[in-house]
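>>> A predicted structure for the sequence below; I have some questions about it.
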Amino acid sequence: MYTLNSLTRFAVALKHTLNKSMVAAALLGSLGAAGATSCILSANDVALPTYYWTTPTALIYAPTVATLACTAETPSDVNVSVSLDTPSESGGMHSLTSGLEHLLYRISLPGMQGLQPWGNGQAGSVVFERSLSNMTSTSLNITPTLEVPPGQRVRGGNYGATLNLTMNMLAP
């Protein structure tokens, strides 16, 4: 019997957007009548449990891929969204790679129709969105559902992928 012992890791790359895009973890601020408001999106490395291709059910895991922390000098209303800009393959699948080997997975968030693909809001995908009312300080974990379908016969190894996240922030 052949089983796959693979350590899978996701490196999360952050791309913050507010008028212009920049790649890197950065502080985003908006100065309104109420004072300064800022949000920081911090990435987490994620290690998935071992995948065995002979298991008849999907490997389902819900890791925290990023944390969003917002603060304001005075109580403020802030709208934030985080989209996934990593292109998917057919059927909303993404790919973990190890050399020439590919291990397919889905990444989803709760939506109006249950779990929906995390994306940019286009073609049936959803984005992580929060409206923070009268906020002075808050921290939110971004915890999507990762699903690795069963029966993918690939070599054992370390499989990895990079998720590209874009944060948009609207503060008064």
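Noted; the coordinates are in hand. Numbering: from 1, shown residues only.

>>> Give me the secondary structure label for Gly91.
helix (DSSP: H, G, I helix; E, B strand; the rest coil).

>>> what about it, neighbour count?
9 (other C-beta atoms under 10 Å). In this view, the C-beta of every residue, glycine as well, is placed from N, C-alpha and C.

>>> Also Val46?
Neighbour tally, Val46, other C-beta under 10 Å: 20.

>>> What are the buried residues along stretch 128-137?
128, 132, 135 (16 or more other C-beta atoms under 10 Å).

>>> Adding secondary structure as columns, could you present those in TSV?
Below are the buried residues of stretch 128-137 laid out as TSV (three-state DSSP):
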residue	secondary structure
Phe128	strand
Leu132	strand
Met135	strand
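
>>> Run the chain-centre distance for the strand ranked longest in the chain.
Taking DSSP state E as the criterion, the chain has its longest strand at strand 66-84. Centre-to-centre, strand 66-84 and its host chain are 16 Å apart (C-alpha atoms, centre = their mean, to the nearest Å).

>>> Give me the sheet partners of that strand and which way each runs.
strand 35-43 (antiparallel), strand 128-142 (antiparallel), strand 158-170 (antiparallel) (DSSP bridges).

>>> list the buried ones in stretch 119-127?
Neighbour-count burial for stretch 119-127 [16+ other C-beta under 10 Å]: 119, 125-127.

>>> Please apply the same query to stretch 78-85.
78, 80-84.

>>> Could you list the alpha-carbon positions for that stretch in CSV?
The C-alpha coordinates for stretch 78-85 follow below in CSV (Å, rounded to 0.1, in the frame of the first residue of the first chain):
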residue,chain,number,x,y,z
VAL,A,78,-13.9,51.2,8.9
ASN,A,79,-14.6,48.8,6.1
VAL,A,80,-11.9,46.3,5.2
SER,A,81,-11.7,43.5,2.6
VAL,A,82,-9.1,40.9,1.8
SER,A,83,-9.1,39.2,-1.5
LEU,A,84,-7.1,36.3,-2.8
ASP,A,85,-5.3,37.1,-6.0
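
>>> Quick check: mean pLDDT of it?
Across stretch 78-85, the average pLDDT comes to 91.

>>> can you check stretch 106-114 too?
Rounded mean pLDDT across stretch 106-114 is 89.

>>> now it, how far from the centre of its chain.
On C-alpha atoms, centre = their mean, the centre of stretch 106-114 falls 12 Å from that of its chain.

>>> Of the strands paired with strand 66-84, which is nearest Tyr51?
Proximity to Tyr51 (C-beta to C-beta) singles out strand 158-170 among the strands paired with strand 66-84, at 8.2 Å.
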